[in-house]
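**Student:** dropping a prediction and its sequence here:
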4 protein chains.
Amino acid sequence: MSAPKKVVLAYSGGLDTSIILKWLQTEYGCEVVTFTADLGQGEELEPARKKAELLGIKPENIFIEDVREEFVRDFVFPMFRANAVYEGLYLLGTSIARPLISKRLVEIAQETGADAVAHGATGKGNDQVRFELSAYALNPEIQVIAPWREWDLSSRTKLLQFAEEHQIPIAKDKRGEAPFSVDANLLHTSSEGKVLEDPAEAAPDYVYQRTVHPEDAPDTPEFVEITFAKGDPVAINGEAMSPAAILTKLNELGGKHGVGRLDLVEGRYVGMKSRGIYETPGGTLLLEAHRGIESITLDRGAAHLKDELMPRYAELIYNGYWFSPEREMLQAAIDHSQTRVNGTVRLKLYKGLAQTVGRWSEDSLYSEQHVTFEDDAGAYDQKDAAGFIKINALRLKLLAARDRRG
Amino acid sequence: MSAPKKVVLAYSGGLDTSIILKWLQTEYGCEVVTFTADLGQGEELEPARKKAELLGIKPENIFIEDVREEFVRDFVFPMFRANAVYEGLYLLGTSIARPLISKRLVEIAQETGADAVAHGATGKGNDQVRFELSAYALNPEIQVIAPWREWDLSSRTKLLQFAEEHQIPIAKDKRGEAPFSVDANLLHTSSEGKVLEDPAEAAPDYVYQRTVHPEDAPDTPEFVEITFAKGDPVAINGEAMSPAAILTKLNELGGKHGVGRLDLVEGRYVGMKSRGIYETPGGTLLLEAHRGIESITLDRGAAHLKDELMPRYAELIYNGYWFSPEREMLQAAIDHSQTRVNGTVRLKLYKGLAQTVGRWSEDSLYSEQHVTFEDDAGAYDQKDAAGFIKINALRLKLLAARDRRG
Amino acid sequence: MSAPKKVVLAYSGGLDTSIILKWLQTEYGCEVVTFTADLGQGEELEPARKKAELLGIKPENIFIEDVREEFVRDFVFPMFRANAVYEGLYLLGTSIARPLISKRLVEIAQETGADAVAHGATGKGNDQVRFELSAYALNPEIQVIAPWREWDLSSRTKLLQFAEEHQIPIAKDKRGEAPFSVDANLLHTSSEGKVLEDPAEAAPDYVYQRTVHPEDAPDTPEFVEITFAKGDPVAINGEAMSPAAILTKLNELGGKHGVGRLDLVEGRYVGMKSRGIYETPGGTLLLEAHRGIESITLDRGAAHLKDELMPRYAELIYNGYWFSPEREMLQAAIDHSQTRVNGTVRLKLYKGLAQTVGRWSEDSLYSEQHVTFEDDAGAYDQKDAAGFIKINALRLKLLAARDRRG
Amino acid sequence: MSAPKKVVLAYSGGLDTSIILKWLQTEYGCEVVTFTADLGQGEELEPARKKAELLGIKPENIFIEDVREEFVRDFVFPMFRANAVYEGLYLLGTSIARPLISKRLVEIAQETGADAVAHGATGKGNDQVRFELSAYALNPEIQVIAPWREWDLSSRTKLLQFAEEHQIPIAKDKRGEAPFSVDANLLHTSSEGKVLEDPAEAAPDYVYQRTVHPEDAPDTPEFVEITFAKGDPVAINGEAMSPAAILTKLNELGGKHGVGRLDLVEGRYVGMKSRGIYETPGGTLLLEAHRGIESITLDRGAAHLKDELMPRYAELIYNGYWFSPEREMLQAAIDHSQTRVNGTVRLKLYKGLAQTVGRWSEDSLYSEQHVTFEDDAGAYDQKDAAGFIKINALRLKLLAARDRRG
């Protein structure tokens, strides 16, 4: 591996990635290109431009982009078509953002003639894996630099010292260490580390940033109707919106009612368990509503196959294999199932709960005529059930007869 | 199939199974044995004895049993070890009770020399399948009689007429038709049919019987600690209890806080979709807590395999294959994983929500030393992660290089 | 179910389906349309036309079609993309032909205004299920008539008597009963029943019809090269051919060398086990070659996912669910994987064996540079493997440390 | 990681592991313990003792053991219960031997107070992973040394030079490089590398070592009967034998008839594809026979579940996760299914082919009474099949009706 000449850095504008920026310049003597994306994390992007300029990045090497629509349309929604949850609970809010960032890093490297990309993830987490597998899958020649695994800035003190030595401005509130670490995008906010490291201890209230406490949520329920087309939400309360606008609106609704908090210990791909606090207000509504609309429009055979494939699919995303043939194969199967997943679901939001209370669709497979306790006018012949059971029982009877033989 | 001489009937003491009892006597001229089980449905059993006697059943042919401990210990708890949910949401409260009833019916048939068993499930539902597959799997020679599939009492009027003709007492409130149909046991209450048949319409408040409305639940949260041993709950708030006592207590806690309501459209095994309202207060707490304790005590490899096997396992139970080799194989795998699933989970209950807020265990796999953002004293070498990623990326790089070749 | 007015019958021209034809006319007084397909079973079709005319079928109601290309292109090849084998061994030769026949039956019903279709499969086998599920999936209003389940012609004597009464010509060799039952199409010949019913006894030599005895096969091996494009074979020994021509050629080659015999006891969907003798010469070559070309062109992640999905896919086809959403979902996943499955495989055929001895492709993922025992010029850094192992081992080490704690 | 003080080396007595032995002594100045196992590789073990002594190993530090029975009983047979094949074809002959070697290395380290183990696998293959994951899973404190990943003896010349410098005797035929690399044990012989590196080229005849060329095999078939108890073979042609004796005998029979050759390109866990020539004569017979006995004794539900779990199980073994909770979970499920897998299978061996021609068992589920084309005396009511199909078709009909609505 030769030294990189030009590196595209995933740059937030914060202290840590500013230090990385400078470290890349000094360590490798290489040109740095910055990429700052608006994924809906709720921060201004322009300060990042100024900071990059201040650190000597040429204007043409500063890339600042709003990728929220692409994020939701091409990453979040396809994932929700699968009802993906990791380890039964986690909605994969961090995992799903990484491949998009890597994709843009690699594309910008291509545009600017860079031979490397760099990210600010540590060597203990999943994000390094997600960034790098995505980058390699998109450009097998690219070099990936992960400063946290390379440098010797192993303590907060050393980092601050490096910053001071290199005239990197340090915001006052960054002098001390943050009490926990945060990642955010339009889908979720995650918090981990420090005060959260003991999984026996409840997370302090101040950790939560995007959802009100259920106790502080409105005392009256609110109802929301989400309309789907081909498995994706397309309207809220009858109003058609863009993907990012929909997720933004769902976040607002969910956040207001304290919906979408999760306190989880999860198994990282790198082998250790970690504890995270996740807030996914809009995603929680979306998952509930998507299951609701599938419940009337998806055939049982398709639905059960989806359920069986889901854990693998979620694991692939969690582990960083978004750009892999197996994730794409599963996506092809899942997407095939969504053609008629159209219709509307009505949710009740109240004090942290989001529950389906009604669903309807032009494409419904629900047949009141068949299911009714009333006279069904011959739609269903109960005698058929006798044969159905007898034939299904045959192998069990042969087995029981064998087992009785001794 | 010859005419049965002696039939063991699953008898609730209610109007419908009383009619069945009489119908069996008149249709087949056979001796009837009644089996009435206390599965925690919350009804007195002694009236069933009186009613059976009134209908001419000999005392020695009346079996009334409290099977709650067996139900929870041998059916409910093994199922919860798997974190089983059907179609992502349903906790299988009705499904899991059927095999036990069939098991006792078949055993009583053996004891009393009966050649048939009978149940009161209709020809449209899943319960007929569950009853009958279980019965055949336990005794391949047994005959199963399902009067609802055989007789011509196809309307309420005809049923009542039959009852009157045969001096079957009709409770006043049974004259009219119930607005929906109910099944209950210690794990859940399900309601379906009639007023619930339109899945677009919210279920009326009066349908819910076992849980308070979240809006009416206490305004302050309550915390509960559930202790597990080998994957099963063994104590609540530090107090050891029997399986049925634990589930009873969890039901009380969950019900008080409005936890465990579910409004679902599900795919029946017999091919149609149906809408049900389920209340599973204790089970909902149990599932959350079991996932919580697994999150720190179960290895990722085991946990993910469990998650992949679960939908199939749940489907088998839903479809009535509790007594099948494949369910038993999956159970063997699941049970193998639970040896060290010991420890305690703390849940917060509030207005319909049950959320894990802490978990601890002597058998925890969580290693603060490994995961810490602080100095880990060499427990984990971040450089290893570089090799981990490189090797995992190799196939993706070869693939990308191939795809670039065109 | 009202009586059918016009029925499309899957008609072979043989004695059994001629009896069915006449029985439909007499039993239901309905008009009969015959459909006779050349699926490569190796029989002349024109005699079927004459026989149908003789039995009073109007010329415009006689449909005789060569569907071999459609059969291989749209059914056999897609199935082989999945490397489908049922219960580890059976290449699904009968199963895959049924959906195509049903599809044409339903289409012809539509064209001719028929309200029913009929087939000659018995009530004990899988074929009835395959025919009927396919028909219902394609036209939910269609009526399906299965005379073997309905009539009282329960013995050979009664059948022949019926034939004689209705002037159905009986070929001399059909007077006695066949020593076993046969189904054939371009993919395979299956034999079952009668002399084959004891699974402990070897099948008599005369059962085999399409392959020479390995002992009688040539004493020198023959080599054949099969070229694939997108997972389907497109050329043999460099010569491009149509799908049916390829399968025909492979059958010839395999049959000559005694390849593709299988003596199997299988689990039928209707619950019993049955013993069959299958000859699938061309299919056996195709499976081996397809695995061979995938071995160099398919990524490990895709290949392993395919292997995991395959048993379910094969089961769906065996059970008759070709036209189901879940089979289509799996097909979408499988087909997605085949885009670059291009190249050539060289097989050695000898005395019943078909073995891959070489494979090459423009799209190969095999990298001699990486795998070589020689100097790899830095393509692979062995040190990476250390990190890979360490990280993969971490969870196992944490587990072992926990288990040591007692 | 501190320097090891005492290392247990997997020592074959050959040149490479002798060099490793000396290198460990010189590089780390540590005491070396040698472990040489007879896994059925067909080499004398005593020369290894002499050689170890010559290289200065103390007698009490030389461990030489015949582990063939343990290997077959506790590793090979459990794996064959699963019908495990990797990527559809590979019988995992190398993979399954590694965990046993690691187990003994770790145990000997415990006995001798060693703090490390060492193996002679290179950094490009799977074996390093298998050795090390097993070792770490059994002792989380153990250090594993893989000299091939550490040293700079990167060419044959350097290796020989090192050997000469350290007075390691070099057999004449080891001066030149072997034309390919070999691994062998009682289950198989694998050959790879060098002359085999072009997957387009057929393997030269001289590569095969354990099986005759099919062309040279006897011109008359031989029949063999294998008897199983609980899924494991226990007798051949009626003669009861120990596990290792059975596999030895099957190897002899298979080898004589040219059975069990495989020319494969496989996906390694470390990401590259490699080509191997495998000879597994006895294992090939065993797999065929095990499938044969399962075909009559295993219920369809159990059999299909096994088939679905198998690819994952095989992948786990291939990747080195024998000692993992998920492999053990799958094993628990598989073993549960084998309780009644008893009986005898008759195989025909001829010119490379091994085919089941008969199978019988006291525990057979095959019911001639049910399957017969003849009168079944009411064992099976064909009318039941109509109901079975109707109910299974219902969801497909509802789907078709929906799709027709547009």
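**Tutor:** Cool, the structure landed. Worth saying up front: this structure is predicted, and the values here are computed from it rather than measured.
**Student:** which intervals of chain A have sub-threshold pLDDT?
**Tutor:** Scanning chain A for pLDDT under 70 picks out A:1, A:406.
**Student:** excluding chain neighbours, give the residue nearest to the closest residue to chain D within chain A in space.
**Tutor:** Per CB to the nearest CB, A:Gly387 is where chain A lies closest to chain D, at 2.2 Å. Using the backbone N, CA and C atoms, a C-beta is placed for each residue, glycine as well. Spatially, and ignoring its direct neighbours in sequence, A:Gly387 is nearest to D:Gly387 (2.2 Å; CB to CB, 6 or more residues apart in numbering or on different chains).
**Student:** repeat that for A:Gly14.
**Tutor:** A:Lys174 (7.9 Å).
**Student:** ok, the one you found to A:Ser154 distance?
**Tutor:** Distance of A:Lys174 to A:Ser154, computed by CB to CB, to the nearest Å: 18 Å.
**Student:** neighbour count winner among the two?
**Tutor:** A:Lys174 (16 against 11; other CB atoms under 10 Å in any protein chain shown).
**Student:** list the contacts of stretch A:38-48.
**Tutor:** A:11-13, A:34, A:36, A:64-68, A:71, A:97, A:100-101, A:184-187, A:244, A:247-248 (CB atoms under 8 Å, 6 or more residues apart in numbering or on different chains).
**Student:** kindly recompute the last result at 10 Å.
**Tutor:** With CB atoms under 10 Å, 6 or more residues apart in numbering or on different chains as the test, stretch A:38-48 has contacts from A:11-14, A:17-18, A:34-37, A:62, A:64-68, A:70-72, A:75-76, A:96-97, A:100-101, A:182-189, A:209-210, A:244, A:247-248, A:251, A:282.
**Student:** that older thread, so the residue of chain A closest to chain D is in which element?
**Tutor:** Using DSSP states H and E, A:Gly387 maps to helix A:382-405.
**Student:** who are the packing partners of that helix?
**Tutor:** Where contact means 3 or more CB pairs under 10 Å, 6 or more residues apart in numbering or on different chains; DSSP states H and E, helix A:382-405 is packed against helix B:127-138, strand B:143-145, helix B:147-150, helix B:325-337, helix D:300-319, helix D:368-371, helix D:382-405.
**Student:** just to revisit the earlier point, does the residue of chain A closest to chain D touch D:Lys390 like I think?
**Tutor:** Yes - applying CB atoms under 10 Å as the test, A:Gly387 and D:Lys390 come out as touching, 7.6 Å apart.
**Student:** what do these two both touch?
**Tutor:** Common neighbours of A:Gly387 and D:Lys390 (CB under 10 Å, 6+ apart) are A:Asp381.
**Student:** please name the nearest non-neighbouring residue to the residue of the stretch 51-200 of chain A at minimum distance from chain B.
**Tutor:** Using CB to the nearest CB, the closest approach of the stretch 51-200 of chain A to chain B is made by A:Gly123 at 2.6 Å. Closest residue in space to A:Gly123, ignoring its immediate chain neighbours: B:Gln382 at 2.6 Å, by CB to CB, 6+ apart.
**Student:** same check on A:Gly282?
**Tutor:** A:Leu250 (3.2 Å).
**Student:** the one you found belongs to a helix?
**Tutor:** Yes - applying DSSP: H, G, I helix; E, B strand; the rest coil, one finds A:Leu250 inside a helix.
**Student:** contacting residues for it?
**Tutor:** Taking CB under 10 Å, 6+ apart as the test, what A:Leu250 contacts is A:186-187, A:224, A:226, A:233, A:236, A:241, A:259-260, A:280-286, A:289, A:347, A:354.
**Student:** strands - which of those land there?
**Tutor:** A:Val224, A:Ile226, A:Pro233, A:Ile236, A:Leu347, A:Ala354 (DSSP state E).
**Student:** ok, now how distant is the spatially most central residue of chain A from A:Leu286?
**Tutor:** Geometric centre of chain A, nearest residue: A:Gly93, 2.5 Å, by CA atoms, centre = their mean. Separation of A:Gly93 from A:Leu286 (CB to CB): 12 Å.
**Student:** where do the contact lists of those two overlap?
**Tutor:** A:Val76, A:Leu187, A:Gly260, A:Thr280.
**Student:** quick check: the farthest pair among these?
**Tutor:** Spatial extent of those (CB to CB) is set by the pair A:Val76 and A:Gly260 at 14.0 Å.
**Student:** those two - which one has more neighbours?
**Tutor:** A:Val76 (30 against 27).
**Student:** my read: the more buried one touches A:Pro99, true?
**Tutor:** No - using CB under 10 Å as the test, A:Val76 is too far from A:Pro99 to be in contact (11.4 Å).
**Student:** and stretch A:250-262, how far apart are its ends?
**Tutor:** 17 Å (CA to CA, to the nearest Å).
**Student:** could you pull out the buried residues of it?
**Tutor:** Neighbour counts using 16 or more other CB atoms under 10 Å in any protein chain shown place A:Leu250, A:Asn251, A:Leu253, A:Gly254, A:Gly255, A:Lys256, A:His257, A:Gly258, A:Val259, A:Gly260, A:Arg261, A:Leu262 of stretch A:250-262 among the buried residues.
**Student:** please identify the helix or strand for the fourth one.
**Tutor:** According to DSSP H and E, A:Gly254 maps onto helix A:243-256.
**Student:** that helix vs strand A:232-236, what angle?
**Tutor:** 70 degrees (axes from the mean of the first three to the mean of the last three CA atoms, to 10 degrees).
**Student:** distance from the chain centre to helix A:243-256, please.
**Tutor:** Distance, stretch centre to chain centre, for helix A:243-256: 15 Å (CA atoms, centre = their mean, to the nearest Å).
**Student:** give me the angle between the helix or strand just after it and helix C:382-405.
**Tutor:** Of the helices and strands lying after helix A:243-256 in sequence (DSSP H and E), the nearest is strand A:261-267. Interaxial angle, strand A:261-267 versus helix C:382-405 (the same axes, to 10 degrees): 100 degrees.
**Student:** for the nearest residue to A:Pro59 once chain neighbours are set aside, list the residues it contacts.
**Tutor:** Counting by CB to CB, 6+ apart, A:Pro59 lies nearest to A:Glu53, which is 7.0 Å off, once chain neighbours are set aside. Counting by CB under 10 Å, 6+ apart, A:Glu53 touches A:Thr34, A:Pro59, A:Asn61, A:Ile62.
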